[in-house]
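Asks: Have a look; sequence and predicted model below, questions after that.
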Amino acid sequence: MSFAGVLLAPGAVYIAYVGEMRIYRFRGGRLEERTRDLVALEGGVSDGAVSPDALAMLVQHAKAAPRALGCEAAVEMKTQVESTEPGDVFLVCSGGLWSAVAERRITGILAAHRELRLAASLLVDCADENGEPQHVTCILARVADA
C-alpha cells in the first residue's frame, strides 16, 4: 500500500506518507524532497514555526487519514508538520514519476509553468516519454499568495 498527502492550513502543511510515494516542496526555484527522514507525529511534532492551534487542528485531521484509507493498526504512516510560505508548491508523486523524471527536469517545469494543471500534465508526459506510461501519480498544490 502506498499513500501520500498534504493538508494545507494557514501558515502550515501537514505531510503524511507510507510506501513508495514522495512529496516535494518547490520554493524559490528549488525542489526539495520532504519525505526523507520524517518523524512520527505523536501529539504534534513540527519545525517550531507552526502555531499551536494550527498544529492541533492538523494532528486531529491526521489521525483520521489511516481510518479513512482502511489501514490496519500495523501501518505506520510517517508524518510531519512544517511552516509554509506564500507561493510554495507541493508535489505528491509516485515512483512512476520520480523514478522516470530527473529532479532538474521537474524543477524546470515547475519554474516555467505557474499553471499547475499544465505543469502536472507536462510532468506526466515526461514520465510517459521516459518509459512510464502507467502508474503515474502527480498532484500539485500551491500555498496561496499573501
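Replies: Arrived safely.
Asks: Give the next helix or strand downstream of the one helix or strand in the chain whose mean pLDDT sits lowest.
Replies: One helix or strand of the chain scores below all others by mean pLDDT, DSSP states H and E: helix 52-69, with a mean of 60. Per DSSP states H and E, the first helix or strand lying C-terminal to helix 52-69 is strand 78-83.
Asks: From the chain's centre, how far out is the next helix or strand after that following strand? Work that out for me.
Replies: Sequence-wise, the next helix or strand downstream of strand 78-83 (DSSP H and E) is strand 89-93. In terms of Cα atoms, centre = their mean, to the nearest Å, the centre of strand 89-93 is set 4 Å apart from its chain centre.
Asks: next one: stretch 108-125
Replies: 16 Å.
Asks: mind listing what's buried in that stretch?
Replies: Using 16 or more other Cβ atoms under 10 Å as the test for burial, stretch 108-125 gives 109-110, 113, 119-120, 122-124. Glycine gets a C-beta too; all of them are placed from N, C-alpha and C.
Asks: Can I get stretch 118-131 in CSV, CA atoms only?
Replies: Extracted as CSV, the C-alpha positions of stretch 118-131 are listed here (Å, rounded to 0.1, in the frame of the first residue of the first chain):
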residue,chain,number,x,y,z
LEU,A,118,-0.3,22.4,-17.2
ALA,A,119,2.7,21.6,-15.1
ALA,A,120,1.2,18.3,-13.9
SER,A,121,0.3,17.4,-17.5
LEU,A,122,3.8,18.1,-18.6
LEU,A,123,5.3,16.0,-15.8
VAL,A,124,3.1,13.0,-16.6
ASP,A,125,4.1,13.4,-20.3
CYS,A,126,7.8,13.4,-19.3
ALA,A,127,7.3,10.2,-17.4
ASP,A,128,5.5,8.7,-20.4
GLU,A,129,8.3,9.7,-22.7
ASN,A,130,10.8,8.1,-20.3
GLY,A,131,9.0,4.7,-20.3
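Asks: Thanks a lot, catch you later.
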